[in-house]
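> below: sequence and its predicted model.
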Amino acid sequence: MTVRLLYFAWVREKLGQAEETVSLPAELTTVADVLGWQAQRSEIHRNVFTSAGIVRVAVDQTHAQPSVNIKHAREIAFFPPVTGG
């Protein structure tokens, strides 16, 4: 499955890119699976995605919990928690 991955704020800064189009392995079926896969891609990815509880995810522009199915996703976005102030 080919999807567009979007990165925002410090996630984008640490990875050095705002987006990429990737072909996800077929065994990835949930947001949690994608977060785990991201953490295995490189040392930089590991540093960003190892603390999966910190990085928030949206699937096709809708906030998504780790259990959300990504089967028909076209876009998955990763971003840090947003705080006001």
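Everything's here; your move. Numbers count the residues shown, from 1 in each chain.
> this structure: strands as residue ranges?
Counting by DSSP state E, the chain has strands at residues 2-7, 19-23, 56-59, 62-63, 75-79.
> in space, what's closest to Gln17 - neighbours in sequence excluded?
Tyr7 (6.4 Å; CB to CB, 6 or more residues apart in numbering). Where C-beta positions appear, they are placed from N, C-alpha and C, glycine not excepted.
> distance of that neighbour relative to Glu27?
Remark: distance between Tyr7 and Glu27 (CB to CB, to the nearest Å) = 23 Å.
> the two: which is more packed in?
Tyr7 (20 against 7; other CB atoms under 10 Å).
> now do the contacts for the more buried one.
Leu15, Gln17, Ala18, Glu19, Ala77, Phe78, Phe79 (CB atoms under 8 Å, 6 or more residues apart in numbering).
> then Met1?
Ser23, Leu24, Ala26, Ile70, Lys71, Ala73.
> now those: which count as buried?
Buried members of these, scored by 16 or more other CB atoms under 10 Å, are Leu24, Ile70, Ala73.
> nearest to Phe49 among those?
Leu24 (14.2 Å; CB to CB).
> count the neighbours of Pro80 for me.
Neighbours around Pro80, by other CB under 10 Å: 14.
> roughly how far apart are the closest residue to it other than its chain neighbours and Leu15?
Once flanking residues are discounted, Pro80 sits nearest to Ala9: 5.2 Å by CB to CB, 6+ apart. According to CB to CB, Ala9 stands 11 Å off from Leu15.
> Thr29 now?
23 Å.
> okay, these two: which has more neighbours?
The neighbour comparison of Thr29 against Leu15 (other CB under 10 Å) goes to Leu15, with 21 against 14.
> for this structure, which residues score under the pLDDT cut-off?
51-52, 83-85 (pLDDT under 70).
> would you map the helices across it?
Along the chain, counting by DSSP state H, helices occupy 9-15, 31-39, 43-49.
> buried sites along the first one?
In terms of neighbour count (16+ other CB under 10 Å), helix 9-15 has its buried residues at Val11, Arg12, Leu15.
> what's the answer for the last one, then?
Of the residues in helix 43-49, those buried under the neighbour-count criterion (16+ other CB under 10 Å) are Val48, Phe49.
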